[in-house]
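*Asks:* below: sequence and its predicted model.
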Amino acid sequence: IDLDKVPVPDLSPFKEISFIIPRADGSEDDEEDRVIASAKWVNSYTANISFRGVSLPAPANQTILMKVLYTSSRLRLEAKIALQIRECLPGEYKTSSACQPCDFDTYSLDPRKACTSCPDNAHCPNQASIQPKKGFWNSGPTSPAIIPCRNDDIQRCPNQNGVQSCTKGYTGPLCNACDFDNGFIERGYLKCGECEDTNKSLGYSILVAVLYMAYQLFSINAIYEGNKKVDHGGTNFLRHRQREKTFYIKSLLTYTQLMSILYISSPEIYKSIGLVSQAGNPIQLIMFKTQCSMKALGIDHNHFIFYQVLLAISTPLVQFIALILLILVLKIFKRRMAAENVIVVALVYTLISYQPGITTNLTLFLSCTSQEGLGYNYIASHPYWSCDTERYATYSSYIVKPSLLIWCVMIPIVIFLILFRNKNNLRNEK
C-alpha cells in the first residue's frame, strides 16, 4: 500500500493477489509458477492472505525462500519468507514430489509405505493411529492386531470417545489386570474389586483360617473313626462304605476340588456355588482372597503375587504341624487315642486337600503369555505381573518349579510305592 498517498485509494479492486512461487531447481527465469489467492483486508493498510493447493517440491528438512511480490501501477512491494520443508507424517504417504494424505478409513504409520485399510473392529482417526471399537483391545495406537476382550458380565473395553480405555478397576493387557495403583485388587480369576475395609478383611481371613482348621479336624476325626469301624469282610465292607459318614465327607471333598478346577476355565460356576468351589481347594482362597489382608498389613501391591505363592507353598506344612500339635494335645485328654494313626490320617488328608490347588495355581504362575505389540510377557492368570522381571525368574527357578516337582512327581511316586508294596492288602484300612 502506498502509505504516502492521501487519501487512501479505493481498495475494492484488490480482491486477488498474484504470488510468484520459485521453482524447485532454483531457476529465476520467467516461467515461475503463479498462484492466485484471496485477500481479506483488515484495514486500509493490512490484508490477510490465504491460499491452498500450493505445491512446493523440495527435499525434506531443507529450507527454501519464498518470495512474495506485490505490484501495482503505483507501488512494488517484495518480501521473502523462509520455509522449512518437513518430513512426511503418519497419516500421509510419500510420493516422488509430495506428502499425500491417506484416504478415509485407511491409515499410514510409516509414510514410506502406502496407506493400508483400517483393521476390522477398529477405526483410524486422522489416518494416523488405530483405535479399537467397543469390546476390542490392541496394545497401542500403532498395533493393527485387534483382539476381542474377555466375554463375561463385565464390559472391560468400553473404549469411550473413540479412544482405547478399560472400565474402572481394570487395566493392562485385554483389560484383564486389576488397577492396583488406584486401590483395586483381585477378587477371583480375572475379576477385580475394591477393599471396602482392609481391617475387616484381615479379621475375615483369620476367621476363615480358624474355621477351615476346625473343618479339617472334624473331617480327619470322622475319617479316622470310620476307618476303625470298618468291617473287613467282603460285601459288608462295601455296605458299610455306603452308610458311613466318611464316604460323604470324602465325596464332598472330591466334588469341591473338581468345582474349584472348573472355576478356572468357567468362572460362571462361581455364581452358583460361591465359596463351595473353594472349600476343597484352600489355595484358591490364598491366591484370590488375601490381597485385602496384605493391603491392611502395608505390603506393597507389587509384591502380592510373590507373597501369595509363598503362602500357597508353606500353608500345607504349617497346617500339618499345627494339626500334629493339636492331636498331641488331644492325646493328653484321650489317652486311648492312637496318635500316630491320627497323624497319618491327617497327613493323607492334607495331601489330598492341597495337592490339586497347589499344582493348579503353581502351574498357572508359570503360564506366561503376551499380545502382539505389547513388548513383554505376563502371567496369564495374574496379568498385572510381568514374566520378564528378575524376581519372577528367581521365584520360578528356585521356589515354584521345585515345589511342583515335589507335589507332582515326588509325592505321587512315594504314594505309588506305598500302594505297590501293599498291593495285596489294600482293603485293610489299618
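*Replies:* Here it is on my side, so go on. Treat the numbers as computed from the prediction; the structure is a model and nothing was measured.
*Asks:* buried set for stretch 90-110?
*Replies:* Pro90, Gly91, Glu92, Tyr93, Lys94, Cys99, Pro101, Cys102, Thr106, Tyr107, Ser108, Leu109 (16 or more other CB atoms under 10 Å). To be clear about C-beta, it is placed using only N, CA and C from the backbone, and glycine gets the same treatment.
*Asks:* tell me which helix or strand comes right after the helix or strand containing Ala346.
*Replies:* Using DSSP states H and E, Ala346 maps to helix 339-366. The helix or strand immediately downstream of helix 339-366 is strand 368-369, counting by DSSP H and E.
*Asks:* next structured bit after that following strand?
*Replies:* Next along from strand 368-369, by DSSP H and E: strand 378-379.
*Asks:* what strands line up against the helix or strand following that following strand, and which way round?
*Replies:* Beyond strand 378-379 on the C-terminal side, the first helix or strand identified by DSSP H and E is strand 382-386. Strand 382-386 has the following sheet partners, assigned by DSSP bridges: strand 378-379 (antiparallel).
*Asks:* and the strands in the stretch 51-200 of the chain?
*Replies:* Here the stretch 51-200 of the chain has its strands, by DSSP state E, counting those that start in this stretch, at 63-71, 76-84, 92-94, 99-101, 106-107, 116-117, 122-123, 131-132, 136-137, 147-148, 170-171, 177-178, 184-188, 191-194.
*Asks:* quick one: mean pLDDT over whatever helix or strand Gln308 lives in.
*Replies:* Gln308 belongs to helix 304-333 when assigned by DSSP H and E. Averaging pLDDT along helix 304-333 gives 87.
*Asks:* next, the angle strand 382-386 makes with that helix.
*Replies:* 110 degrees (axes from the mean of the first three to the mean of the last three CA atoms, to 10 degrees).
*Asks:* quick one: buried residues of helix 304-333?
*Replies:* 304-309, 311-313, 315-316, 319-320, 323, 327, 331.
*Asks:* before we move on, the earlier item: ok, the buried residues of stretch 90-110 vs Gln164, which is closest?
*Replies:* Nearest to Gln164 among those, counting by CB to CB, is Tyr107 at 14.8 Å.
*Asks:* ok, that closest one touching Ala122?
*Replies:* No: in this structure Tyr107 lies outside contact range of Ala122 using CB atoms under 8 Å: 9.2 Å.
*Asks:* quick check: neighbours shared by these two?
*Replies:* Ile130 (CB atoms under 8 Å, 6 or more residues apart in numbering).
*Asks:* of the strands of the stretch 51-200 of the chain, which is nearest Thr389?
*Replies:* strand 177-178 (14.8 Å).
*Asks:* got the contact list for the closest one?
*Replies:* Residues contacting strand 177-178 (CB under 8 Å, 6+ apart): Gly169, Tyr170, Thr171, Phe184, Ile185, Glu186, Cys192, Tyr378, His382, Pro383, Tyr384.
*Asks:* if you set the cut-off to 10 Å instead, what comes out?
*Replies:* 166, 169-172, 184-187, 190-194, 291, 301, 304, 378-379, 382-385 (CB atoms under 10 Å, 6 or more residues apart in numbering).
*Asks:* any of the residues you listed buried? List them.
*Replies:* Buried among the contacts of strand 177-178 (16+ other CB under 10 Å): 166, 169-172, 184-187, 190-192, 291, 301, 304, 378-379, 382-385.
*Asks:* my read: Gln127 touches Cys102, true?
*Replies:* Yes: contact criterion CB atoms under 10 Å: Gln127 and Cys102 qualify, at 3.9 Å.
*Asks:* what comes up buried for the strand or helix carrying Leu419?
*Replies:* Leu419 belongs to helix 411-421 when assigned by DSSP H and E. Buried residues in helix 411-421, counted by 16+ other CB under 10 Å: none are found.
*Asks:* now for it, which elements pack on it?
*Replies:* helix 339-366 (3 or more CB pairs under 10 Å, 6 or more residues apart in numbering; DSSP states H and E).
*Asks:* buried stuff in the helix it packs on?
*Replies:* Within helix 339-366, judged by 16+ other CB under 10 Å, the buried ones are 342-343, 345-346, 349-351, 353-362, 365.
*Asks:* next, give phi and psi for Leu211.
*Replies:* phi -60, psi -40 (degrees, to the nearest 10).
*Asks:* where does pLDDT dip in the stretch 51-200 of the chain?
*Replies:* Low-confidence segments of the stretch 51-200 of the chain (pLDDT under 70): 51-54.
*Asks:* sorry, slip of the keys, the one I care about is the stretch 201-350 of the chain.
*Replies:* Residues of the stretch 201-350 of the chain that meet the cut-off, pLDDT under 70, sit at 226-288.
*Asks:* list the buried residues in stretch 150-164.
*Replies:* Applying 16+ other CB under 10 Å to stretch 150-164 flags Ile154, Arg156, Cys157, Asn159, Gln164 as buried.
*Asks:* closest one of those residues to Tyr212?
*Replies:* The closest of these, once distances to Tyr212 are taken by CB to CB, is Ile154, at 29.2 Å.
*Asks:* ok, that closest one - contacts?
*Replies:* Thr167, Gly169, Tyr170, Cys175, Asn176, Leu190, Lys191, Cys192.
*Asks:* repeat the analysis, applying 7 Å as the threshold.
*Replies:* By CB atoms under 7 Å, 6 or more residues apart in numbering, the contact set of Ile154 is Thr167.
*Asks:* what does Tyr378 give?
*Replies:* Per CB under 7 Å, 6+ apart, neighbours of Tyr378: Pro173, Cys368, Thr369, Ser370, Trp385, Ser386, Cys387.
*Asks:* from these, which two are the most distant?
*Replies:* Ser370 and Trp385, at 13.0 Å, using CB to CB across these.
*Asks:* follow-up on the earlier one: which of the buried residues of stretch 90-110 lies closest to Ile81?
*Replies:* Distances from Ile81 to those, taken by CB to CB, are shortest for Cys99, at 19.8 Å.
*Asks:* with adjacent residues omitted, what lies nearest to that closest one?
*Replies:* Cys88 (3.8 Å; CB to CB, 6 or more residues apart in numbering).
*Asks:* neighbours of the one you found, just the number please.
*Replies:* 18 (other CB atoms under 10 Å).
*Asks:* roughly how far does it sit from Leu65?
*Replies:* Distance of Cys88 to Leu65, computed by CB to CB, to the nearest Å: 22 Å.
*Asks:* over to Ala346?
*Replies:* 92 Å.
*Asks:* and Tyr354, by the same measure?
*Replies:* Tyr354 is 80 Å from Leu65, by CB to CB.
*Asks:* nice, that's everything, thank you.
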